[in-house]
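[1] predicted coordinates and the sequence they were generated for:
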Amino acid sequence: MLLRFNLEPIVLKGFIGIYRSRGGFFIWYKSMPGNTFFEELKRRNVVKASIAYLVVSWILLQVASNILPIVEAPAWILKTFSFFLVIGFPIWIIFSWVYEVTPEGVKKTAKVSSNNLITDKTNKRLNILIIIGLISAMALSFYNRPKSIAASIDPLILENTIAVLPFDDLSSGGDTEWFCDGITEDIRTSLAKIKGVKKVISHTSVKKYKGSFKTIPEIADELDVSYILEGSVRKHDNKIIVTAKLVDAGDNRIWSNQYNNNFDKIFDIQNDVSKRIAQQLQIAISPEEDKSFNTVPTDNFEAYELYLRGRHLLHQRSPESANRSIEYLKESIRLDSAYAPAYVALAENYILQNMFIKNNEEKLIHRIKCRKAIDKALELDNDLAEAYISKGHMIGMYEWNWEEMKKMVDKGLEIEPNNSKGHMTLSMYYLIKSDFTKSIEESLIAERLDPLNPMIGSYVGYNYYLAQDYSGAIDQYEKVLKVFPNDPMTWGDVAEAQYFSGKKEAATDSWVQFFKIMGSDDMANIFATETLNVAIEKWYRGALEGDELYCSNPTTIAKAHMLIDKEQVSFKYLEIAYKYHDENLPFYLLLPHFYPLHDNPRFRDLVVKTGVTLPQVDQPEFVLKD
């Protein structure tokens, strides 16, 4: 290769040319008397062309960084695109020096006269391009800027409150919903442990938005949160791609990221998402919280997958799903006997099974299995909030050890203050103590954390009901029914509140609605046409004749017969409930149905043995008989 140089050894005035011929590449310098090198750069529009290139490149990168995560493009695409833009910059500079755009096409600048107006036109076009580019850059910067809370949210709701929506399942097989839901729940749980986060919506409420077409502002308004985390998961063999995006209540993007990694990095991904959100919300993470983030619950990822499958089935709450869930969880524990969360889910499954069986002796066996599993979980991990709360709930409901119940729940809420089950269980403790102010307070916190859970909404009404605030109870039940008009339990509860507030006709209508939803049109017709005495006796005729071993609702039978002055029948079923430690018994003893028995020694004996504190009430003159 032949290189020829013709450079003056003094101040450079002119331009350098590079061309190729059969003899090789030639680098030459042409002297430009009267013009400096920088003036020639200006004349050839090299500087403005370079600025235009940088502005356009920046815009293209910003657009790509917004679009590629949406279409789930691999991370390497953006990196490759950035690399070529960098490589293209010096090539563009050389091109803008050597060539000029003319009406006849692209020509070498050396052939264009210095007096020609073509370079001026190019200069004007570049000016326009730069201006448009800068305006576009400013618009993109405004769109992508980190939003301050004050700029994006109504000042009246300036709180770090968040809902984690179910992540979309983008896996090709379409059979990894269990995995997608598991990622969502684990991120939600991690955020719920951060004390600086004032509210994290529970799983029960957010799952209702799976596949929903509602907008982010609509969802944020319904859940009463300031932020929404949404995303997607794609799993293939041992690879996972997780995309997460944090937006405010106005659907303004605060933060987003895409994680493309091996499956064994799943815990790192979950923890990083939680930490990044805390940073965006300007929340300081305590050393204890940071330690929790960095703790890996298991290094056996097959056991983790089995646990996610089991927990997914547990949430479906059916007899079949509960049985299959137990199988997955037992296999998970077989692979990793030190995996504490699997024991917690197993314990919850045993209690769930009791909802679907009638044999009271079998229910007691399941409770023993539950206690064994939950104790094992805490033995393995004494920082597991869900284990403390589940144990507290179990000790209170099934063993009636109320002080130990509170101790366990307090410990769980100290670790995870945004646990709705914990606040609901603590509310139950205060109910047993007839401290209705605190019980209502805790139940409202539980509802705030799980606003679309009809069971919790009705439980709030139940608190007002036991506090003898019947109008407050009715208002709460009607609020729940506006959202869940076909929830049978709420119709049954509102019927009782209406009955004791003196609204017998409204109560009858609500009972009729209850039976219609339950699919019992015959009973609905009986309650609509017969007296209450006749209707109740027909309702429970089968239960009254059955074996007490299979009496699954003794407390309900007992309270119903107090409405029709059949105290002996009521006592019989209260004592059956005591024999099998029915979880409802302590709470039912607080009902207005039993106010007439408060001075009865037989009733007071049950009160003492269950650890209940009876409320101070007047004689129930308001109880209405047929």
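    Right, received. Where do you want to start?
[2] going forward, measure contacts between C-alpha atoms and count neighbours the same way
    OK.
[3] how far away is residue 526 from residue 515?
    Distance, residue 526 to residue 515, by C-alpha to C-alpha, to the nearest Å: 10 Å.
[4] same question, residue 52
    Counting by C-alpha to C-alpha, the gap from residue 52 to residue 515 is 73 Å.
[5] rounded mean pLDDT for stretch 283-295, please.
    The predicted model assigns stretch 283-295 a mean pLDDT of 80.
[6] same question for stretch 446-463.
    Stretch 446-463 comes out with an average pLDDT of 96.
[7] same deal with stretch 513-524?
    pLDDT averaged over stretch 513-524 gives 92.
[8] and that stretch, what's buried?
    Neighbour counts over stretch 513-524 (16 or more other C-alpha atoms under 10 Å) mark 513-517, 523-524 as buried.
[9] can you lay out those residues as JSON lines showing distance to residue 79?
    What follows is those, written out as JSON lines (distance: C-alpha to C-alpha, whole Å):
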{"residue": "513", "distance to residue 79": "61"}
{"residue": "514", "distance to residue 79": "60"}
{"residue": "515", "distance to residue 79": "62"}
{"residue": "516", "distance to residue 79": "61"}
{"residue": "517", "distance to residue 79": "57"}
{"residue": "523", "distance to residue 79": "68"}
{"residue": "524", "distance to residue 79": "67"}
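[10] now for these: which two are most distant?
    517 and 523 (11.1 Å; C-alpha to C-alpha).
[11] quick one: residues in contact with stretch 484-497.
    Residues outside stretch 484-497 that contact it (C-alpha atoms under 8 Å, 6 or more residues apart in numbering) are 454, 458, 462, 465, 470-471, 473-474, 477-478, 480-481, 506-511, 513-515, 517-518.
[12] how about residue 234, secondary structure?
    Classification of residue 234 using DSSP: H, G, I helix; E, B strand; the rest coil returns strand.
[13] in the sheet, who's paired with it?
    residue 241 (DSSP bridges).
[14] for it, what are its contacts?
    Going by C-alpha under 8 Å, 6+ apart, residue 234 touches 169-172, 240-242.
[15] and if you look at residue 259?
    The contact partners of residue 259, taken as C-alpha under 8 Å, 6+ apart, are 240-243, 269.
[16] phi, psi for it please.
    Main-chain torsions, residue 259, degrees, to the nearest 10: phi -110, psi 120.
[17] for it, name its beta-bridge partners.
    residue 242.
[18] can you pull the pLDDT of it?
    90.
[19] how is the protein partitioned into domains?
    1-33, 44-144, 151-284 (automatic domain parsing).
[20] least reliable of the ones you listed by average pLDDT, please.
    domain 1-33 (a mean of 44).
[21] my read: residue 559 touches residue 572, true?
    No - if you go by C-alpha atoms under 8 Å, residue 559 and residue 572 don't touch, sitting 11.2 Å apart.
[22] these two - which one has more neighbours?
    Using other C-alpha atoms under 10 Å, the more surrounded residue of residue 559 and residue 572 is residue 559, with 23 against 15.
[23] give me the element that one is part of.
    helix 554-562 (DSSP states H and E).
[24] next SSE after that helix?
    Immediately after helix 554-562, counting by DSSP H and E, sits helix 567-579.
[25] for that next one, which positions count as buried?
    567, 569-571, 573-578.
[26] likewise for stretch 197-207?
    Neighbour count says stretch 197-207 has 197-203, 205-207 buried, by 16+ other C-alpha under 10 Å.
[27] check stretch 403-422 too.
    For stretch 403-422, by 16+ other C-alpha under 10 Å, it's 404-406, 408-413, 415-422.
[28] can you check stretch 244-264 too?
    Neighbour-count burial for stretch 244-264, counted by 16+ other C-alpha under 10 Å, picks out 244-260, 263.
[29] and it, how far out from the chain middle?
    14 Å (C-alpha atoms, centre = their mean, to the nearest Å).
[30] check stretch 462-475 too.
    With C-alpha atoms, centre = their mean, you get 30 Å for stretch 462-475.
[31] likewise stretch 260-276?
    17 Å.
[32] got it, and stretch 456-474?
    27 Å.
[33] what does it contact?
    424, 431, 436, 439-440, 443-444, 446-447, 450-451, 475-477, 480, 490, 493-494, 497-498, 500-501, 590-592.
[34] narrow these to just the buried residues.
    Those of the contacts of stretch 456-474 that meet the buried threshold are 424, 431, 436, 439-440, 443-444, 446-447, 450-451, 476-477, 480, 490, 493-494, 497-498, 500-501, 590-592, by 16+ other C-alpha under 10 Å.
[35] among those residues, which lie within helices?
    Those of the buried ones among the contacts of stretch 456-474 mapping onto helices are 424, 431, 436, 439-440, 443-444, 446-447, 476-477, 480, 490, 493-494, 497-498, 500, per DSSP state H.
[36] and the buried residues of stretch 513-524, which is closest to residue 86?
    Using C-alpha to C-alpha, residue 517 comes nearest to residue 86 of the buried residues of stretch 513-524, at 66.5 Å.
[37] quick one, what contacts that closest one?
    Going by C-alpha under 8 Å, 6+ apart, residue 517 touches 486-488.
[38] switch the cut-off to 7 Å
    486, 488 (C-alpha atoms under 7 Å, 6 or more residues apart in numbering).
[39] would you list the phi and psi of the spatially most central residue of the chain?
    When C-alpha atoms, centre = their mean is applied to the chain, the residue found nearest the centroid is residue 164 (3.0 Å). When read as degrees, to the nearest 10, the backbone of residue 164 gives phi -100, psi 100.
[40] bridging across strands, which residues link to it?
    The partner residues for residue 164, given DSSP bridges, come to residue 229.
[41] residue 212 in helix, strand or coil?
    coil.
[42] got the contact list for stretch 599-611?
    Here stretch 599-611 has contacts from 400, 586, 597-598, using C-alpha under 7 Å, 6+ apart.
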